[in-house]
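In: Let me see the structure of the following:
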Amino acid sequence: MKTSKPIISHDELTRLLMYDPETGEIRNKVKRGGRAMPDALAGCIKKQGNNLRRIIKLNGVDYSASQIAIYYMTGELPDESEYVIWNKNRDTLDNRYNNLSVIPFSIRSRRNNPRTGISNYRGVYWSSVSVS
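Out: I've put the predicted structure just below:
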């Protein structure tokens, strides 16, 4: 898969970071400058829209922890213009591998439609006009 970000090599990624797919934790393997100490959780938590995300900077480029997890496990970083990494339980800080899936934007937009106050059928809505 293509990506719009400059990609750090998979070998470099595994040299710098360790990912535990059971817990979703991404930790530094080596001291990476600043306060990034070995064995410490990598990155920091930032607010993006209504969500909190763990952001990890590698070679001057920001990656979300979910991107790092997918890249670490598959060796491929999904193209951000076509795909989104979805947290199945909608907790954007839960980066366990079995909680992540790479899906096209078209599927994501369907999943984001709230169904409160409407019928269970797509495109069918309750009328707010009362008939006497």
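In: partners of the longest strand along the chain in the sheet?
Out: Counting by DSSP state E, the longest strand found in the chain is strand 51-58. Partners of strand 51-58 in the sheet, by DSSP bridges, are strand 44-48 (antiparallel), strand 61-64 (antiparallel).
In: Show me which residues of the last one are buried.
Out: By neighbour count, and taking 16 or more other Cβ atoms under 10 Å as the criterion, the buried residues in strand 61-64 are Tyr63, Ser64. From N, CA and C alone the C-beta is placed, and that goes for glycine too.
In: and the direction of the next helix or strand after that strand versus that of strand 51-58, what angle?
Out: The element immediately downstream of strand 61-64 (helix or strand, assigned by DSSP states H and E) is helix 65-74. Computed by axes from the mean of the first three to the mean of the last three Cα atoms, to 10 degrees, the angle separating helix 65-74 from strand 51-58 equals 60 degrees.
In: From the chain's centroid, how far away is helix 65-74?
Out: 9 Å (Cα atoms, centre = their mean, to the nearest Å).
In: Report all helices and strands that it contacts.
Out: helix 10-16, strand 17-19, strand 26-28, strand 51-58, strand 83-87, strand 100-104 (3 or more Cβ pairs under 8 Å, 6 or more residues apart in numbering; DSSP states H and E).
In: ok, back up a step: could you pull out the buried residues of the longest strand of the chain?
Out: Those would be Arg53, Arg54, Ile55, Ile56, Leu58, for strand 51-58 by 16+ other Cβ under 10 Å.
In: these two touch, right, the last one and Thr14?
Out: No - distance between Leu58 and Thr14: 11.7 Å, which falls outside the contact criterion (Cβ atoms under 8 Å).
In: tell me the centre residue of this protein?
Out: Centroid check for the chain by Cα atoms, centre = their mean gives Ser66 as the closest residue, at 3.6 Å.
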